[in-house]
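J.: Please find the sequence and the predicted model below.
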Amino acid sequence: MAKRISQIGLVTLLLATGISSCLSQTSSELQTFLVQKIGLKQDQIAAIQNGQPFAKSMEPRSPAEIFVFGVIYINAAPESFVQFTSDYDRLSHIPGYLAIRKFSTPPQLSDPEGFGFSSDDVKGLKDCKPQNCVVQLPATAMETLQRAVREL
C-alpha cells in the first residue's frame, strides 16, 4: 500500500512539474497541449477556463499503475503559485491537507512514515463504492482493501 501511495505521489509530482512548463505558455499553446496530448474537447476546455476543475484517467503503462491528469484554472502568476505550493509548512495548516511532506532526494522508504488512515477510515472501507468512498482509490484496490478489512 505504501508503495502504491508513493507511486501516486510520484505521478502527481511528475505531472505537476511537466505541466508547470505549460503554465508559462500562451493560451493557444496550452489549448493545443490539452487537445492533442490529453484529448480534451472544446467544451471541457471552456469549463476549465470558467473555473471548473477537470480530472481524467490516463492510460497506465501496466495494470499496477494509476495515471490521473487533473487541471484547474488558478488566477495567479505561475511563480506565486509555485512558491505557495512549495511551502509545506504553510500547506500543512490548511484544512483538507491530512498530511504533507517533501520526499527525500533520492526518495527513502521512510518518507511516507506518519501517513496513515484513522480507525474510522479503515472501518469505512468496508462500505466503499467507486466514487463514494472516504479514500480515493481505483475499484480494484478498493475491493482488495475491503477483503483485508473483513479479515480484521
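T.: Looks like it arrived, so ask away.

J.: what about residue 125, which SS state?
T.: Using DSSP: H, G, I helix; E, B strand; the rest coil, the structure places residue 125 in helix.

J.: Can you get me a residue count around it?
T.: Per other Cβ atoms under 10 Å, the neighbour tally for residue 125 reads 19. Where C-beta positions appear, they are placed from N, C-alpha and C, glycine not excepted.

J.: was I right about it contacting residue 133?
T.: Yes. Using Cβ atoms under 8 Å, residue 125 is in contact with residue 133, at 7.4 Å.

J.: residues shared between the contacts of the two?
T.: residue 142 (Cβ atoms under 8 Å, 6 or more residues apart in numbering).

J.: Not counting residues beside it along the chain, what's closest to residue 115?
T.: Leaving aside its sequence neighbours, residue 115 sits nearest to residue 99 (Cβ to Cβ, 6 or more residues apart in numbering; 5.1 Å).
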